[in-house]
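> got a predicted model here, sequence first, then my questions.
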Amino acid sequence: MNAAIVNIILAFVEGVGLILSPCILPILPIVLAASFTGTKNRPIGIIIGFIVAFTVLTFSIRSIVSLLHLDPDTIRYIAFAILFLLGIVMMSSYLTEKFAKLTAGFANIGSGLPINQQPKGGFFSGLIVGMLTGIVWTPCVGPIIAAVIVQVAIQKTTFNSIFTVIAFTIGAGLPMLLIALIGRQMMTYFNIFKAHLDSIRKVLGVIIILTVCYLFYTTETAFLFEGQNKMSAKPLSHTLIDGVTFSYPAPTISGISAWINSPPQNLQQLHGKVVLIDFWTYSCINCIRTLPYLKNWYQLYHKAGLEIIGIHSPEFAFEHNLSNVQNAVTKFGILYPVALDNQFVTWQNYQNAYWPAQYLIDKQGQVVYQHVGEGDDEIIENNIRVLLGMSTHTPSINALPKTAVTILNQTPETYLGYARAERFASPEAMKEDQPALYHYPVTLGKDEWALQGTWLINRDKIVAMTAGSAIKLHFNAAKVFAVMGSISHPIVVNFKLNNNVKENTVTVSHDQLYSLTTYPKAQEATIEMIATTPGLVIYTFTFGN
């Protein structure tokens, strides 16, 4: 069966299974209380509103967090606060009445019909309650749904991720709909419940408050962002840690345009060995920071039966060039096989969407573990040793520097080409694929960037067309990197921090990642770069701490 279909089915099953999770506890009382009154269509409206709001918010969460510079824990705290307030509302008859009128008013606006023509507490009223529930529930359920929505949160949205999230949400909504309908039947057949409806609502409010307090101290946010290090507190084990729910046959390595360090590799020929597939690209700072671990594992475990294959899937046009990748492999000291997946065939075979990403294959050719981004290095090494049949030990990576942890409100990766550009602040609008004159704004907000002088803005890069053309960025980080190159000849680039008179320089020749500045700790600052001659090419800024 196609891996994407399996993922969608698993997402639906995980959604249904969520009914057993503690995170569902503060939601069920809201659904029950809202279903006890109104027409028979109200529970359906609640569940549809829940599904719609949760799905939309899931696909918007990365942009919202980036735009508002919010820490994921802040979102979690806000959600808990709203749930807590809802519990207080349910404990008060006066507040419950006011809240009911408020949602009825919103329902009237949403339906476009006069309120006096709507059934009291009908479908649209339930729709508003369900949407509010879906919004506040999203951050709380992070630890469970992270595996389902990580493709959305980290890298990009695909049709597979859309169907996966929808399947998960429907799976979570169906049991709640059943509970809501059963609750209504209970109210229909047992008059005692009707007589104590006010008391039941108050008890449900208490349950919400107690559950929120419990979850506040026992859960942690699981929103994953590119470059975030998810350091594990789990001890090493004699079994796999965080393995996939169901192992599956490793997809083929195909569509490769060239191999470095080895002849073409075939997974069938590697049957009986443990294989680690690593998707990377040589200008990606997150990928670069994982290389010491990969090289270390290859050195320690290759003779014991470990094979590592680096699948180089390029992000930018210059990364398609074989000689560029060969130079990078030599520069980084990579000895294991590297395959150029320029057409993204193997990338698609694995349904991959991230740089970096690792897939661990056992001796029987089954994918048993997969990991996205940096971090969890102890777990990966533990799983390698388990699959090789070796005893656990103190991880060898303890001697290596820890992969970076994304700081709160760190500036996100900033692409400059018009296809993915965000937070561009020059007063002039971008002109695609043609030279244009740009100016700095009076002020530059946090995470914003602007141009001065004549620049050519292409789909994936910008090119300085005159000497003195400059770019300024307002960032929050400890380290600043830029992926840059030149049209024909090495270019000296002057840059200064916080508008200081003193300038630093960097010589840009090859298309690659350049380190611009390092502070002892993260701070908010500006960096301005000035090209001394035409032809400077800049693709993106990335950050670390």
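Structure received.
> all strands for the stretch 151-300 of the chain, in order.
For the stretch 151-300 of the chain, the strands defined by DSSP state E, counting those that start in this stretch cover 248-249, 258-260, 274-280.
> packing partners of the last one?
Based on contacts counted as 3 or more CB pairs under 8 Å, 6 or more residues apart in numbering; DSSP states H and E, the elements that strand 274-280 packs against are helix 285-301, strand 306-312, strand 357-361, helix 377-388. For the C-beta atoms, the positions are set from N, CA and C on the backbone; glycine is no exception.
> can you rerun that using 7 Å?
strand 306-312, strand 357-361, helix 377-388 (3 or more CB pairs under 7 Å, 6 or more residues apart in numbering; DSSP states H and E).
> in its sheet, what does that strand sit against?
strand 306-312 (parallel), strand 357-361 (antiparallel) (DSSP bridges).
> run through the stretch 201-350 of the chain and note the low-pLDDT ranges.
For the stretch 201-350 of the chain, the stretches with pLDDT under 70 are 201, 204-205, 208, 211-212, 214-238.
> now with 50?
219-236 (pLDDT under 50).
> poorly predicted segments of the stretch 51-200 of the chain, please.
Residues of the stretch 51-200 of the chain that meet the criterion pLDDT under 50 lie in 103-119, 140-157.
> quick one on the thing from earlier: which stretch in the helices and strands packed on strand 274-280 has the least confidence?
Note on these: lowest mean pLDDT is at helix 377-388, with a mean of 91.
> who does the strand ranked longest in the chain touch, helix- and strand-wise?
Ranked by residue count under DSSP state E, the longest strand found in the chain is strand 512-531. Using 3+ CB pairs under 7 Å, 6+ apart, the elements in contact with strand 512-531 are strand 470-486, strand 491-497, strand 504-508.
> out of those strands, which is the most enclosed?
The highest mean neighbour count among these, using mean count of other CB atoms under 10 Å, belongs to strand 470-486: a mean of 22.
> and that strand with strand 512-531, angle?
Per axes from the mean of the first three to the mean of the last three CA atoms, to 10 degrees, the angle that strand 470-486 makes with strand 512-531 is 140 degrees.
> looking at strand 470-486 now, give me its mean pLDDT.
Averaged over strand 470-486, pLDDT sits at 93.
> list the neighbouring strands of it plus their orientation.
Sheet pairing for strand 470-486, assigned by DSSP bridges, gives strand 449-457 (antiparallel), strand 512-531 (antiparallel), strand 536-544 (antiparallel).
> JSON lines for the helices and strands packed on strand 274-280, including distance to Asn500?
Listed next are these as JSON lines, based on distance: least, CB to CB, whole Å:
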{"stretch": "strand 306-312", "distance to Asn500": "38"}
{"stretch": "strand 357-361", "distance to Asn500": "40"}
{"stretch": "helix 377-388", "distance to Asn500": "38"}
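> now render these as TSV, adding mean neighbour count.
Converted to TSV, these look like this (neighbours: other CB atoms under 10 Å):
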stretch	mean neighbour count
strand 306-312	24
strand 357-361	23
helix 377-388	23
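> between those, which gets nearest to Lys331?
Of all the helices and strands packed on strand 274-280, strand 306-312 sits nearest to Lys331, with 13.6 Å by CB to CB.
> identify the bridge partners of Phe279.
Ile311, Ala357.
> that one contacts Tyr359, correct?
No: with contacts counted by CB atoms under 7 Å, Phe279 stays clear of Tyr359, the gap being 8.1 Å.
> picking up where we left off before, tell me which of the helices and strands packed on strand 274-280 lies nearest to Phe481.
Using CB to CB, the nearest of those to Phe481 is strand 306-312, at 19.0 Å.
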